[in-house]
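> With the input below, show me the fold.
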Amino acid sequence: MPNDFSSDLDAASGGSQGSVAMVAVPTRVPHVPVPTWAFGPPAVPEIVNAKPGPMELMHALRRRWMTAVGLGLLVGGTLSAMVWYFLPVRYEVVALLRVLSTRPKVLEKEGLGGADGDYAVYKRTQAALFKSNFVLQATLRKPEVKRLFLIQHNKDDILDFLSNEISVDYPGDSEIMRVSMKGDRPDELRTIINSVKESYMDEIVNAERMERLRQRDMLERFYKKNREDIRNRLDALHKLNKEYSTSGDNEARIKLDLAFRRLNSLVERQEGLQHQIGEVEMRILLLTTRASLADDIEIPDFIIDHQLGSDVQMGQLKQALADYTAALTEEKRRTNNPKSPSVMRMRQQMNFIEEQLDARREELRPVLIELFRYSTQGEKPEQFIPLLETERERLAAHLEEVNQKVQQHLEEMQKLNKFSVQIESLGAELKEVQDVTAKMGNELKLWAVEIDAQPRVQSIEDASIPSGNDAIRKYVAVGFAGATGFAAVLFFVSILEFQSRRLNSEREISEGLGIRVIGHLPPLSGRAWRMLANPSSAAGAHLQSLLTESVDSIRTTLVHSNGANPPRVVMVSSSDIQEGKTTVASQLAASLARAGRRTVLLDGDLRNPTAHVVFGLPLGPGFADVLRGDAEGEAALYATSAPNLWLMPAGQFDAAAVQALAGEALVKIIKSLK
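Here you go, the predicted structure:
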């Protein structure tokens with residue numbers, strides 16, 4: 001490149017529009033060294049393989065924002081419409097019941113039916129009963145429920161559907177049972193909830209009250225039966241009293257006691273007569289024995305025993321034994337248990353008395369034998385025997401009368417004893433039945449009061465069509481779906497655009513690619529071109545001022561880029577069309593001309609020439625004509641309206657001009673222009 005930089009500028013320019021155009025000037029030493037091929041291909045700059053970051057994606061989206069926004073709105077709108085159609089608005093229908101912690105009572109005292117039990121268990125039980133198959137099946141039998149769409153649509157597993165959809169809870173662990181169901185058909189939800197609640201009240205709550213009524217009726221039947229039984233027992237007792245001429249149990253006992261005393265008196269007389277007869281017979285036997293036997297013959301034991309009967313101590317012991325015997329008989333009759341403690345104690349006492357009698361008998365026996373032998377000496381017993389026999393006959397006749405009376409009293413006592421047992425049995429049974437009947441009467445009085453008490457579970461509020469719904473949830477879902485679709489499209493477009501690896505800033509050119517950046521221009525596309533087309537406006541004038549200042553800065557950098565040998569030929573190009581090559585080259589050439597530099601702008605974009613349009617000059621003859629040799633160099637130069645600035649337009653493009661670019665013609669043209 002020549003060292004003298006005075007007036008010639010060789011520029012190949014393209015389109016006239018672009019966002020940002022930059023001019024790069026190569027230096028004598030490359031910024032990115034090219035490695036040799038000894039160990040593989042040249043190193044690729046890291047920026048080419050860099051992963052997409054937030055800023056890179058934002059720059060990529062900025063370049064394709066119209067396409068991204070359009071597709072995003074289309075996809076987001078489609079997703080929102082689909083969510084709006086397939087996500088219905090759900091309503092919640094609620095019915096309220098009250099589950100009391102204790103059973104309601106009219107009286108303050110404990111009501112009927114026992115204790116209330118654990119309240120938490122009772123609430124869980126009622127919640128389970130509300131959704132039980134028994135209640136749900138009763139609900140499904142109702143005609144207004146059978147024809148509902150929700151029931152018909154889920155008829156294959158309707159019980160599971162209702163059990164899962166119906167929710168039962170107690171807000172705040174209170175006494176309020178909240179029954180709810182959600183769906184998009186509020187009318188049918190209300191019908192289902194109210195029908196299930198009615199079935200629950202009929203099949204569970206009212207059934208409990210009917211069971212209590214049934215218990216009361218059963219108690220009343222037993223009460224009437226017991227009353228009839230009491231009347232029958234009283235009649236039987238009255239008949240017994242009438243049969244035995246008594247007015248009650250006490251009078252029967254008195255009669256029995258009197259009869260027992262009379263019997264005891266007769267028994268005592270009987271025993272006395274038997275004793276007297278025994279003594280007479282003994283005396284007869286003694287007299288007979290003394291008359292017939294010698295003195296040295298031993299006295300028989302029965303004679304000794306007869307003589308012992310006159311001993312006072314022996315008499316007391318025998319009387320005590322007789323009393324215990326009578327008491328033992330009475331105790332056996334009263335207890336009907338021969339092994340009761342009282343009977344056993346009396347038996348022990350009687351054994352003790354018998355032991356004392358045996359001891360007394362052995363003590364007196366020797367003395368009586370000696371007295372008997374002594375008293376019989378010198379007597380004539382034959383003269384007393386007839387008198388004793390007459391006395392014995394009289395006593396035997398009297399004893400026969402007493403025996404008959406004793407037998408009569410025994411029969412009477414047996415009747416009285418049987419009557420007493422019947423009276424006691426009837427009385428005990430009657431008292432027991434009367435006590436039970438009295439309790440039943442008291443219970444029936446409580447039933448009469450408590451049966452009208454409120455049930456423990458009460459309906460507070462039926463289900464109704466709710467004024468509110470979960471439309472907000474649907475709106476949020478629709479908005480979320482639209483926003484997600486829109487964001488996904490923006491992200492997808494950003495990723496696709498990022499794959500083109502376009503440059504976004506000066507730093508990426510200098511640091512990423514190692515190319516020196518000598519300046520930058522403001523965006524010159526879209527609205528900026530319209531403002532530049534109207535330089536009389538404030539916005540247009542401001543943008544023109546910025547553009548001029550940027551280009552002048554680039555010009556200054558070029559002029560001083562190589563010290564005493566500034567470049568004399570500068571090429572302006574880009575990687576694609578419509579990136580602002582013509583604009584940058586035209587503005588840079590005009591800036592050099594304004595700085596007093598004689599400058600030629602050569603339009604090398606043979607296929608899409610536009611530089612002649614910018615300056616209002618003809619297309620040819622131009623650069624292509626010079627290449628073919630159809631025109632001289634000076635004939636293809638046109639003076640512009642700007643001082644020190646000439647233009648060589650592109651000319652008429654053809655294949656011969658393209659072939660000439662590969663030869664020496666281009667070098668000759670550049671040299672001649674320099």
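
> Looking at stretch 546-564 now, give me its mean pLDDT.
For stretch 546-564, mean pLDDT rounds to 81.

> In this structure residue 145 contacts residue 194, no?
No. Contact criterion C-beta atoms under 8 Å: residue 145 and residue 194 do not qualify, at 9.7 Å. (Glycine included, C-beta is placed from N, CA and C.)

> give me the number of residues near residue 568?
For residue 568, the count of nearby residues is 19 (other C-beta atoms under 10 Å).

> Tell me the first helix or strand C-terminal of the worst-scoring helix or strand of the chain on mean pLDDT.
When each helix and strand of the chain is scored by mean pLDDT, DSSP states H and E, helix 301-308 comes last, with a mean of 60. Later in the chain than helix 301-308, the nearest helix or strand by DSSP states H and E is helix 312-335.

> Just list what that following helix packs against, helices and strands only.
Here helix 312-335 touches helix 249-292, helix 341-375, going by 3 or more C-beta pairs under 8 Å, 6 or more residues apart in numbering; DSSP states H and E.

> Could you give me the buried positions within that helix?
Neighbour-count burial for helix 312-335 flags 314, 317-318, 320-321, 324, 328, 331 (criterion: 16 or more other C-beta atoms under 10 Å).

> Next, the contact list for residue 220, please.
The contact partners of residue 220, taken as C-beta atoms under 8 Å, 6 or more residues apart in numbering, are residue 444.

> how close does it get to residue 438?
Look at residue 220 and residue 438: by C-beta to C-beta, to the nearest Å, they are 15 Å apart.

> most centrally placed residue in the chain?
Closest residue to the average C-alpha location of the chain: residue 169 at 9.1 Å, with C-alpha atoms, centre = their mean.

> which residues pair with it across the strands?
residue 178 (DSSP bridges).

> Contacts only, for it.
127, 177-178.

> Which parts of the stretch 551-674 of the chain are helices?
Applying DSSP state H, counting those that start in this stretch to the stretch 551-674 of the chain gives helices spanning 581-594, 611-615, 623-628, 655-661, 665-673.

> Go through these and name the closest to residue 602.
helix 623-628 (6.0 Å; C-beta to C-beta).

> Check which helices and strands the closest one is in contact with.
Checking 3+ C-beta pairs under 8 Å, 6+ apart, helix 623-628 ends up next to helix 655-661, helix 665-673.

> Throw these into TSV and include mean pLDDT and distance to residue 273, thanks.
Below are the helices and strands packed on helix 623-628 laid out as TSV (pLDDT from 0 to 100; distance: least, C-beta to C-beta, whole Å):
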stretch	mean pLDDT	distance to residue 273
helix 655-661	84	180
helix 665-673	87	185
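
> could you redo these as CSV and give each row mean neighbour count and distance to residue 578?
Output for these, formatted as CSV (neighbours: other C-beta atoms under 10 Å; distance: least, C-beta to C-beta, whole Å):
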stretch, mean neighbour count, distance to residue 578
helix 655-661, 14, 22
helix 665-673, 15, 25
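
> The ones you listed into TSV, with extra columns for distance to residue 269?
Below are these laid out as TSV (distance: least, C-beta to C-beta, whole Å):
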stretch	distance to residue 269
helix 655-661	177
helix 665-673	181
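
> Now stretch 334-346: average pLDDT?
On average, stretch 334-346 scores 78.

> try stretch 278-286
Mean pLDDT, stretch 278-286: 71.

> Quick check: nearest residue in space to residue 226, chain neighbours excluded?
residue 437 (4.2 Å; C-beta to C-beta, 6 or more residues apart in numbering).

> correction: residue 187
Computed as C-beta to C-beta, 6+ apart, the closest residue to residue 187 that is not its neighbour in sequence is residue 465, at 6.6 Å.

> so that neighbour is in which element?
Here residue 465 is assigned to no helix or strand, by DSSP H and E.

> out of everything not next to it in sequence, what's closest to residue 522?
In space, and not counting its chain neighbours, residue 522 is closest to residue 546: 5.0 Å by C-beta to C-beta, 6+ apart.
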